[in-house]
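Asks: coords please:
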Amino acid sequence: MASIIPYQAKNGKTTYTIKFYKGVNPYTNKKENYIKRGFKTKKEAELALAKAQIDFAEKGFQSNEIIEDDIFLNIYKVWFSSYQNTVKITTSIETERLFKNHILPKFGTKKINAIKPIFCQQIVNEWVGCYVHAKKLKQYTQKIFEYAIDMEILEKNPMARVKFNKHCKKMGKQKIAENYNAEILKQYLDSAKHFTNYQDFVLIHLLAFTGARKGEILALNWDNINFNDGSIRIVNNLVRGKGEIVLTTPKTDTSIRKIYLDDETMAILKKWKQLQHNTHSQLKAFKKAHLVFSRIDDNGNIVFSSPEYPNRLINTLIQKYNLPKLTPHDFRYIHASILLEQKVKPKAVSERLGHSDIQTTLGIYTHIPNKQAKNVATDFFKLLS
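Replies: Numbers count the residues shown, from 1 in each chain. So this is what the prediction gives:
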């Protein structure tokens, strides 16, 4: 049975919804209706209804159709299959991780048209109290509801009405700002000198002295090192895809950059290049390999180091020398904080880090240590005394 249903919006305007029963979907074994909303006139709705009935009579059910009473998980799967082709693989992996770990456990099994704003608000409140990326979780969840509206499964987005308290702070683990200083970094560098494999020391050193992301460091090859002007060029990024290591372009266009280094760091790189040559020159694959950091697999081939390799090295130093807990990305944080504290212009720091905008640098990578904060009070007193 087909029907045309008038609907009056809050603004007083009337729109029309068309509906007819399609039968039992053989792919889902569920009864299914065809529903489409938003027609401005009854005549327009009548024509659309007739066309929809003819189309269904000719084509029947499609295996990839989204049904109105589908669960959030299935809508997400269809959305993500298109979304992952529009972004870099690193963004795709991170998005999938956020959904898998945080969003789907809350929304996945629920019928998408049964989710109410009050439930969304409760979940967002929970996220705000636990995760620093709570706002991103809300935004991604909202995308699925928006997609459902585009597919004419929903009329309203229940997440759109949710309030986000941006002043709330993460309640979980928080690093202390005083840990982000040159002294902590020096402890790591001194400890790394005891590695038996010189490559391990060089990797820790570059993380500290470049401020580059770990994937950017692992993707370096010797052609990216310019010993004449003392610089390295970041042009690639190494990430773990779905079960494999993938070489991709950096995070943003501005991430492709040149980083100038001190003479000591260049000397360390030159020494490592010679040591690596002595080790790898006996391998058949040597002529094809130009990686600064690599490993030799069971077949004697030179291959990429894993993206988890820097984390393992840092954890080894933490356990062996009882150092403050840091991650490879914390080295990037410290690098930026030290430069800014030494009055290096924010624009120069931003370009060195490969940020697309200076506010990213200032907003994420700065802090005021207690000593510096006390100096502000002293300096202010001197001005007025």
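
Asks: C-alpha from now on. contacts and neighbour counts both.
Replies: Will do.

Asks: not counting sequence-adjacent ones, nearest residue to K40?
Replies: Distance criterion Cα to Cα, 6 or more residues apart in numbering; nearest residue to K40, sequence neighbours excluded, is T15 at 4.9 Å.

Asks: from the contact counts, what lies against the host helix or strand of that neighbour?
Replies: Taking DSSP states H and E as the definition, one finds T15 inside strand 14-25. Under the contact definition 3 or more Cα pairs under 8 Å, 6 or more residues apart in numbering; DSSP states H and E, strand 14-25 sits against strand 2-8, strand 30-39, helix 42-59.

Asks: closest to K251 out of the ones you listed?
Replies: Distances from K251 to each of these were compared by Cα to Cα, and the smallest falls on strand 30-39, at 39.6 Å.

Asks: go through that closest one and flag the buried ones.
Replies: For strand 30-39, a neighbour-count test (16 or more other Cα atoms under 10 Å) marks E32, N33, Y34, I35, K36, R37, F39 as buried.

Asks: ditto for stretch 310-320
Replies: Applying a neighbour-count criterion of 16+ other Cα under 10 Å, the buried positions in stretch 310-320 are P310, L313, I314, N315, L317, I318.

Asks: likewise stretch 324-338?
Replies: Going by neighbour count (16+ other Cα under 10 Å), the buried part of stretch 324-338 is L326, P328, H329, D330, F331, R332, Y333, I334, H335, A336, S337, I338.

Asks: for stretch 187-200, same thing?
Replies: Counting neighbours by 16+ other Cα under 10 Å, one finds that the buried residues in stretch 187-200 are Y188, L189, S191, A192, Y198, Q199, D200.

Asks: got the end-to-end distance for that stretch?
Replies: Here the two ends of stretch 187-200 are set 15 Å apart, with distance taken as Cα to Cα, to the nearest Å.

Asks: ok, stretch 126-136 next?
Replies: End-to-end distance for stretch 126-136, by Cα to Cα: 14 Å.

Asks: same check on stretch 303-314?
Replies: In stretch 303-314, first residue to last residue: 21 Å (Cα to Cα).

Asks: in which helix or strand would I find the spatially most central residue of the chain?
Replies: Computing the C-alpha centroid of the chain and ranking residues by Cα atoms, centre = their mean puts E94 first, at 4.3 Å. Element membership for E94 (DSSP H and E) is helix 89-98.

Asks: what are the buried residues along the following helix or strand past that helix?
Replies: Proceeding N to C from helix 89-98, the next assigned helix or strand is helix 104-107, under DSSP H and E. The neighbour-count check on helix 104-107 (16+ other Cα under 10 Å) flags L104, F107 as buried.

Asks: what's the helix or strand for E155?
Replies: With elements delineated by DSSP H and E, E155 resides in a region that no helix or strand encompasses.

Asks: wait, it touches E146, no?
Replies: No - in terms of Cα atoms under 8 Å, E155 does not count as a neighbour of E146; the distance is 9.3 Å.

Asks: which one of the two has more residues nearby?
Replies: For E155 versus E146, the count of surrounding residues by other Cα atoms under 10 Å is larger for E146: 20 against 15.

Asks: ok, and the closest non-adjacent residue to that one?
Replies: Closest residue in space to E146, ignoring its immediate chain neighbours: N157 at 6.3 Å, by Cα to Cα, 6+ apart.

Asks: picking up where we left off before, tell me which of the buried residues of stretch 187-200 fall in strands.
Replies: Among the buried residues of stretch 187-200, no member is found in strands (DSSP state E).

Asks: K163: neighbour count?
Replies: As a burial measure, K163 scores 11 neighbours (other Cα under 10 Å).

Asks: next, work out how far apart it and F72 are.
Replies: Taken as Cα to Cα, the span from K163 to F72 is 21 Å.

Asks: which residues are common contacts for E155 and E146?
Replies: Any residue near both E155 and E146 by Cα atoms under 8 Å, 6 or more residues apart in numbering counts here, and not one turns up.

Asks: where does pLDDT dip in the stretch 201-350 of the chain?
Replies: Scanning the stretch 201-350 of the chain for pLDDT under 70 picks out 281-289.

Asks: which residues of it fall in strands?
Replies: Ranges of strands in the stretch 201-350 of the chain, per DSSP state E, counting those that start in this stretch, are 225-226, 231-234, 237-240, 245-248, 257-260, 294-296, 302-304.

Asks: just tell me which of those strands ends up closest to K100.
Replies: Of the strands of the stretch 201-350 of the chain, nearest to K100 by Cα to Cα is strand 237-240, at 16.5 Å.

Asks: what's next to that closest one, contact-wise?
Replies: 90, 215-219, 245-251, 306-307.

Asks: sheet partners, orientation included, of that strand?
Replies: As defined by DSSP bridges, the strand partners of strand 237-240 come to strand 245-248 (antiparallel).

Asks: any idea how far the partner strand is from the chain center?
Replies: 15 Å (Cα atoms, centre = their mean, to the nearest Å).

Asks: picking that back up, redo the helices and strands packed on strand 14-25 as a markdown table? Include mean pLDDT.
Replies: As requested, these are arranged in a markdown table below (pLDDT from 0 to 100):
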| stretch | mean pLDDT |
| --- | --- |
| strand 2-8 | 83 |
| strand 30-39 | 82 |
| helix 42-59 | 85 |
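
Asks: distance of L137 from W79?
Replies: Plainly put, L137 is 16 Å away from W79 if you go by Cα to Cα.
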